[in-house]
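Undergrad: Next comes the sequence, and after it the predicted model I'd like to discuss.
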Amino acid sequence: MKDCLHSYMKVGIVQPMAFPESPVLDSIRKIAEDGFFGAIEIGPVAPDIKDKVVKLLETSKLIVGFCGQIIIRNENLNPNSLNKEERELAVAKMKGAVDESYTLGVRRMAMLTGSDPGAEKREEAKKALIDSLLQICSYAKSKGNLGIALEIFDRDIDKKCLIGPTKEGAQVAAEVRKKCPNFGLMVDLSHVPLLDETPEQAVKAAGNYLVHVHIGNCVKKDKSHIVYGDKHPRFGIAGGENDVEEVKRFLKALMDIGYIGHGKQNVVAFEVKPLSGESPEAVMANAKRTLLEAWAKL
(Lines give C-alpha, C1' and ligand atoms only; values in the text may rest on other atoms or scores of the structure.)
Protein backbone atom coordinates (compact mmCIF):
# COMPACT_ATOMS: atom_id res chain seq x y z
CA MET A 1 0.00 0.00 0.00
CA LYS A 2 1.24 3.46 -0.88
CA ASP A 3 -1.25 5.17 1.43
CA CYS A 4 -0.15 5.97 4.98
CA LEU A 5 -1.26 3.18 7.31
CA HIS A 6 -2.24 5.75 9.93
CA SER A 7 -5.01 6.86 7.56
CA TYR A 8 -6.51 3.36 7.84
CA MET A 9 -6.19 2.58 11.57
CA LYS A 10 -5.02 3.75 14.97
CA VAL A 11 -1.88 1.83 15.89
CA GLY A 12 -1.77 0.91 19.57
CA ILE A 13 0.32 -1.09 22.02
CA VAL A 14 -0.37 -3.06 25.21
CA GLN A 15 1.79 -1.25 27.77
CA PRO A 16 1.97 -3.91 30.55
CA MET A 17 3.14 -6.50 28.01
CA ALA A 18 5.62 -4.27 26.19
CA PHE A 19 7.23 -2.96 29.39
CA PRO A 20 6.73 -5.72 31.98
CA GLU A 21 9.62 -4.63 34.25
CA SER A 22 9.51 -0.85 33.73
CA PRO A 23 7.86 1.67 36.07
CA VAL A 24 4.28 2.11 34.86
CA LEU A 25 4.31 5.89 34.60
CA ASP A 26 7.63 5.92 32.75
CA SER A 27 6.53 3.35 30.18
CA ILE A 28 3.19 5.07 29.59
CA ARG A 29 5.12 8.30 29.04
CA LYS A 30 7.39 6.62 26.45
CA ILE A 31 4.38 5.48 24.47
CA ALA A 32 2.57 8.80 24.87
CA GLU A 33 5.61 10.65 23.49
CA ASP A 34 5.88 8.36 20.45
CA GLY A 35 3.86 9.83 17.59
CA PHE A 36 3.64 6.43 15.87
CA PHE A 37 0.99 5.41 18.36
CA GLY A 38 -2.60 6.58 18.46
CA ALA A 39 -3.74 4.16 21.16
CA ILE A 40 -2.55 2.51 24.35
CA GLU A 41 -3.84 -0.29 26.57
CA ILE A 42 -3.06 -0.16 30.26
CA GLY A 43 -3.77 -2.29 33.32
CA PRO A 44 -4.83 -1.38 36.84
CA VAL A 45 -3.02 1.73 38.10
CA ALA A 46 -1.74 2.17 41.65
CA PRO A 47 -3.51 4.94 43.58
CA ASP A 48 -0.30 6.92 44.20
CA ILE A 49 0.29 7.51 40.46
CA LYS A 50 -3.28 7.50 39.17
CA ASP A 51 -3.65 11.27 38.96
CA LYS A 52 -0.36 11.55 37.03
CA VAL A 53 -1.38 8.76 34.65
CA VAL A 54 -4.76 10.40 33.99
CA LYS A 55 -3.13 13.77 33.30
CA LEU A 56 -0.56 12.18 30.97
CA LEU A 57 -3.21 10.27 29.04
CA GLU A 58 -5.39 13.35 28.73
CA THR A 59 -2.42 15.30 27.38
CA SER A 60 -1.40 12.59 24.91
CA LYS A 61 -4.60 12.40 22.83
CA LEU A 62 -4.22 8.60 22.84
CA ILE A 63 -7.24 6.30 22.66
CA VAL A 64 -7.08 4.38 25.94
CA GLY A 65 -8.03 0.75 26.50
CA PHE A 66 -8.09 -1.18 29.78
CA CYS A 67 -6.70 -4.71 30.20
CA GLY A 68 -9.30 -6.37 32.39
CA GLN A 69 -7.67 -9.67 31.40
CA ILE A 70 -4.94 -8.91 33.94
CA ILE A 71 -7.43 -8.88 36.80
CA ILE A 72 -9.11 -12.10 35.67
CA ARG A 73 -5.79 -13.92 35.26
CA ASN A 74 -4.11 -12.59 38.41
CA GLU A 75 -7.09 -13.26 40.64
CA ASN A 76 -8.09 -16.54 38.97
CA LEU A 77 -11.60 -15.30 38.26
CA ASN A 78 -14.10 -17.25 36.19
CA PRO A 79 -17.08 -15.42 34.65
CA ASN A 80 -18.36 -18.72 33.23
CA SER A 81 -18.04 -20.75 36.41
CA LEU A 82 -20.91 -23.12 37.15
CA ASN A 83 -20.47 -22.16 40.80
CA LYS A 84 -22.75 -19.16 41.39
CA GLU A 85 -20.54 -17.56 44.05
CA GLU A 86 -17.43 -17.76 41.85
CA ARG A 87 -19.31 -16.26 38.94
CA GLU A 88 -20.73 -13.44 41.07
CA LEU A 89 -17.23 -12.63 42.33
CA ALA A 90 -15.95 -12.38 38.75
CA VAL A 91 -18.82 -10.08 37.77
CA ALA A 92 -18.24 -7.87 40.83
CA LYS A 93 -14.53 -7.56 40.06
CA MET A 94 -15.24 -6.68 36.44
CA LYS A 95 -17.72 -4.03 37.54
CA GLY A 96 -14.89 -2.62 39.64
CA ALA A 97 -12.70 -2.65 36.53
CA VAL A 98 -15.44 -0.75 34.70
CA ASP A 99 -15.34 1.92 37.42
CA GLU A 100 -11.55 2.20 37.11
CA SER A 101 -11.84 2.39 33.34
CA TYR A 102 -14.11 5.41 33.61
CA THR A 103 -11.68 7.05 36.06
CA LEU A 104 -8.81 6.57 33.59
CA GLY A 105 -10.67 7.85 30.53
CA VAL A 106 -10.84 4.43 28.87
CA ARG A 107 -12.84 3.89 25.69
CA ARG A 108 -12.96 0.07 25.77
CA MET A 109 -12.31 -2.52 28.47
CA ALA A 110 -11.19 -6.03 27.52
CA MET A 111 -11.70 -9.30 29.34
CA LEU A 112 -11.52 -13.03 28.73
CA THR A 113 -13.41 -16.12 29.76
CA GLY A 114 -12.53 -18.56 32.48
CA SER A 115 -11.29 -22.08 31.85
CA ASP A 116 -13.01 -24.56 29.60
CA PRO A 117 -14.90 -27.12 31.75
CA GLY A 118 -14.82 -29.78 29.03
CA ALA A 119 -17.21 -30.84 26.30
CA GLU A 120 -19.96 -32.14 28.62
CA LYS A 121 -20.38 -28.86 30.53
CA ARG A 122 -19.34 -26.43 27.80
CA GLU A 123 -22.83 -25.32 26.72
CA GLU A 124 -23.88 -24.74 30.32
CA ALA A 125 -20.72 -22.68 30.86
CA LYS A 126 -21.50 -20.59 27.76
CA LYS A 127 -24.92 -19.75 29.18
CA ALA A 128 -23.28 -18.72 32.45
CA LEU A 129 -20.79 -16.60 30.52
CA ILE A 130 -23.54 -14.83 28.59
CA ASP A 131 -25.32 -14.01 31.84
CA SER A 132 -22.11 -12.56 33.31
CA LEU A 133 -21.37 -10.53 30.18
CA LEU A 134 -24.87 -9.10 30.13
CA GLN A 135 -24.45 -7.92 33.72
CA ILE A 136 -21.04 -6.37 33.06
CA CYS A 137 -22.07 -4.69 29.81
CA SER A 138 -25.30 -3.36 31.30
CA TYR A 139 -23.38 -1.91 34.22
CA ALA A 140 -20.87 -0.26 31.86
CA LYS A 141 -23.69 1.16 29.74
CA SER A 142 -25.47 2.57 32.79
CA LYS A 143 -22.47 4.74 33.61
CA GLY A 144 -21.51 6.02 30.14
CA ASN A 145 -20.18 4.90 26.78
CA LEU A 146 -17.56 2.31 27.76
CA GLY A 147 -17.31 -0.62 25.35
CA ILE A 148 -16.59 -4.19 26.49
CA ALA A 149 -14.51 -6.57 24.38
CA LEU A 150 -14.17 -10.31 24.92
CA GLU A 151 -10.76 -11.48 23.76
CA ILE A 152 -10.57 -14.84 22.00
CA PHE A 153 -7.97 -17.15 23.60
CA ASP A 154 -6.87 -20.73 22.95
CA ARG A 155 -8.71 -23.71 24.39
CA ASP A 156 -6.15 -26.50 24.17
CA ILE A 157 -2.54 -25.27 24.45
CA ASP A 158 -1.88 -22.55 27.03
CA LYS A 159 -4.69 -20.47 28.53
CA LYS A 160 -7.27 -23.22 27.82
CA CYS A 161 -10.24 -20.86 27.95
CA LEU A 162 -13.89 -21.55 27.28
CA ILE A 163 -13.78 -19.07 24.38
CA GLY A 164 -12.18 -20.47 22.53
CA PRO A 165 -12.73 -20.87 18.78
CA THR A 166 -13.63 -17.59 17.12
CA LYS A 167 -16.90 -18.89 15.69
CA GLU A 168 -18.04 -19.80 19.22
CA GLY A 169 -17.10 -16.33 20.37
CA ALA A 170 -19.34 -14.96 17.63
CA GLN A 171 -22.21 -17.12 18.86
CA VAL A 172 -21.80 -15.68 22.36
CA ALA A 173 -21.54 -12.16 20.95
CA ALA A 174 -24.76 -12.61 18.99
CA GLU A 175 -26.64 -13.33 22.22
CA VAL A 176 -25.05 -10.52 24.25
CA ARG A 177 -25.51 -7.95 21.47
CA LYS A 178 -29.29 -8.51 21.52
CA LYS A 179 -29.39 -6.48 24.74
CA CYS A 180 -25.99 -4.82 24.91
CA PRO A 181 -24.73 -3.05 21.77
CA ASN A 182 -21.59 -1.96 23.67
CA PHE A 183 -20.22 -5.52 23.47
CA GLY A 184 -17.94 -7.07 20.88
CA LEU A 185 -15.02 -9.42 20.21
CA MET A 186 -11.27 -8.96 20.16
CA VAL A 187 -9.19 -11.12 17.81
CA ASP A 188 -5.47 -11.46 18.54
CA LEU A 189 -3.19 -12.66 15.74
CA SER A 190 -0.98 -14.21 18.44
CA HIS A 191 -3.79 -16.59 19.37
CA VAL A 192 -4.90 -17.50 15.85
CA PRO A 193 -2.33 -20.30 15.30
CA LEU A 194 -3.02 -21.68 18.79
CA LEU A 195 -6.66 -22.07 17.73
CA ASP A 196 -5.69 -23.86 14.49
CA GLU A 197 -7.26 -20.99 12.57
CA THR A 198 -5.91 -18.82 9.77
CA PRO A 199 -5.98 -15.01 9.90
CA GLU A 200 -8.71 -15.05 7.27
CA GLN A 201 -10.83 -17.62 9.13
CA ALA A 202 -10.59 -15.78 12.45
CA VAL A 203 -11.48 -12.37 11.05
CA LYS A 204 -14.32 -13.70 8.93
CA ALA A 205 -15.76 -15.66 11.88
CA ALA A 206 -15.71 -12.57 14.11
CA GLY A 207 -17.35 -10.51 11.38
CA ASN A 208 -19.46 -7.59 12.53
CA TYR A 209 -18.79 -8.43 16.18
CA LEU A 210 -15.11 -7.49 15.82
CA VAL A 211 -14.40 -4.32 17.81
CA HIS A 212 -10.70 -4.59 18.67
CA VAL A 213 -7.56 -6.22 17.32
CA HIS A 214 -4.16 -7.29 18.63
CA ILE A 215 -1.19 -8.35 16.54
CA GLY A 216 1.68 -10.39 17.89
CA ASN A 217 3.49 -13.71 17.72
CA CYS A 218 3.48 -17.12 19.40
CA VAL A 219 5.35 -20.42 19.41
CA LYS A 220 3.24 -23.50 18.79
CA LYS A 221 5.28 -26.40 17.40
CA ASP A 222 8.24 -26.63 19.82
CA LYS A 223 7.09 -27.48 23.33
CA SER A 224 10.66 -27.08 24.63
CA HIS A 225 10.87 -23.47 23.41
CA ILE A 226 11.32 -20.89 26.17
CA VAL A 227 8.22 -19.02 25.00
CA TYR A 228 6.07 -21.97 23.91
CA GLY A 229 2.38 -21.14 23.90
CA ASP A 230 0.79 -17.75 24.48
CA LYS A 231 3.83 -15.68 25.51
CA HIS A 232 3.79 -12.96 22.79
CA PRO A 233 7.48 -12.97 21.74
CA ARG A 234 8.88 -10.53 19.19
CA PHE A 235 8.16 -10.99 15.50
CA GLY A 236 10.76 -13.09 13.69
CA ILE A 237 11.84 -15.16 16.70
CA ALA A 238 13.10 -18.62 15.73
CA GLY A 239 10.22 -21.09 15.94
CA GLY A 240 7.58 -18.37 15.90
CA GLU A 241 4.35 -18.55 13.93
CA ASN A 242 3.80 -14.93 12.86
CA ASP A 243 5.96 -12.49 10.95
CA VAL A 244 5.56 -10.07 8.05
CA GLU A 245 3.57 -12.44 5.83
CA GLU A 246 1.04 -13.36 8.52
CA VAL A 247 0.61 -9.73 9.55
CA LYS A 248 0.03 -8.82 5.90
CA ARG A 249 -2.64 -11.51 5.57
CA PHE A 250 -4.28 -10.34 8.79
CA LEU A 251 -4.37 -6.72 7.61
CA LYS A 252 -5.83 -7.80 4.28
CA ALA A 253 -8.55 -9.78 6.05
CA LEU A 254 -9.32 -6.79 8.30
CA MET A 255 -9.60 -4.60 5.23
CA ASP A 256 -11.89 -7.09 3.51
CA ILE A 257 -14.46 -6.90 6.30
CA GLY A 258 -14.11 -3.14 6.68
CA TYR A 259 -12.48 -3.09 10.11
CA ILE A 260 -9.64 -1.02 8.67
CA GLY A 261 -9.95 1.24 5.66
CA HIS A 262 -9.28 4.73 4.38
CA GLY A 263 -10.60 7.23 6.88
CA LYS A 264 -11.26 4.60 9.56
CA GLN A 265 -9.58 4.79 12.94
CA ASN A 266 -10.23 1.43 14.57
CA VAL A 267 -7.40 0.22 16.78
CA VAL A 268 -4.80 -2.35 15.74
CA ALA A 269 -2.56 -2.83 18.77
CA PHE A 270 0.75 -4.62 19.23
CA GLU A 271 0.90 -7.17 22.01
CA VAL A 272 4.56 -8.12 22.23
CA LYS A 273 6.74 -8.95 25.23
CA PRO A 274 10.52 -8.83 25.53
CA LEU A 275 12.33 -11.94 26.69
CA SER A 276 14.64 -11.66 29.68
CA GLY A 277 17.60 -9.56 28.58
CA GLU A 278 15.84 -8.07 25.56
CA SER A 279 15.32 -4.33 25.22
CA PRO A 280 11.63 -3.38 25.41
CA GLU A 281 12.33 -0.46 23.10
CA ALA A 282 13.99 -2.73 20.52
CA VAL A 283 11.08 -5.19 20.64
CA MET A 284 8.66 -2.28 20.15
CA ALA A 285 10.71 -1.02 17.21
CA ASN A 286 10.71 -4.57 15.78
CA ALA A 287 6.90 -4.54 15.90
CA LYS A 288 6.71 -1.19 14.12
CA ARG A 289 9.07 -2.37 11.38
CA THR A 290 7.09 -5.57 10.94
CA LEU A 291 3.81 -3.66 10.58
CA LEU A 292 5.31 -1.17 8.15
CA GLU A 293 6.82 -3.93 6.01
CA ALA A 294 3.56 -5.89 5.99
CA TRP A 295 1.66 -2.73 5.03
CA ALA A 296 4.07 -2.03 2.19
CA LYS A 297 3.43 -5.51 0.78
CA LEU A 298 -0.36 -5.12 0.66
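TA: Yep, it's here.

Undergrad: List the backbone torsions phi and psi for Met109.
TA: Per-residue torsions, Met109: phi -110, psi 130 (degrees, to the nearest 10).

Undergrad: Met109: what's it in contact with?
TA: Contacts for Met109 (CB atoms under 8 Å, 6 or more residues apart in numbering) come out as 65-66, 68, 97-98, 101, 140, 146-149. To be clear about C-beta, it is placed using only N, CA and C from the backbone, and glycine gets the same treatment.

Undergrad: ok, now how distant is it from Asp158?
TA: Note on Met109: its distance to Asp158, by CB to CB, to the nearest Å, is 23 Å.

Undergrad: related to what we said a few turns ago, inside strands: which ones of the contacts of Met109?
TA: With DSSP state E as the criterion, strands contain 65-66, 147-149 from among these.

Undergrad: Export these to a markdown table and append columns for distance to Pro181.
TA: Shown next, in a markdown table, are these (distance: CB to CB, whole Å):
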| residue | distance to Pro181 |
| --- | --- |
| Gly65 | 18 |
| Phe66 | 19 |
| Gly147 | 9 |
| Ile148 | 11 |
| Ala149 | 13 |
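
Undergrad: which of those residues tops the neighbour count?
TA: Using other CB atoms under 10 Å as the neighbour test, the ones in strands among the contacts of Met109 are led by Phe66, with 29 neighbours.

Undergrad: In terms of helix, strand or coil, where does Gly12 fall?
TA: Following DSSP: H, G, I helix; E, B strand; the rest coil, Gly12 is assigned to strand.

Undergrad: Could you pull up the residues touching it?
TA: For Gly12, the contact set (CB under 8 Å, 6+ apart) comprises 37-41, 62-63, 65, 267-270.

Undergrad: With Glu100 instead?
TA: Contacts of Glu100 were listed using CB under 8 Å, 6+ apart, and they are 44-45, 66.

Undergrad: Check Lys126 too.
TA: Contacts of Lys126 by CB under 8 Å, 6+ apart are 80, 162-163, 168, 171-172.

Undergrad: and it, what helix or strand is that in?
TA: Lys126 belongs to helix 122-143 when assigned by DSSP states H and E.

Undergrad: How far away from the center of its chain is that helix?
TA: With CA atoms, centre = their mean, to the nearest Å as the basis, helix 122-143 stands 18 Å off its chain's centre.

Undergrad: Now the phi/psi pair for the residue of the chain most remote from its centre, please.
TA: Distance from the C-alpha centroid of the chain, by CA atoms, centre = their mean, peaks at Glu120 (28.3 Å). Here is the backbone geometry of Glu120 (degrees, to the nearest 10): phi -70, psi -30.
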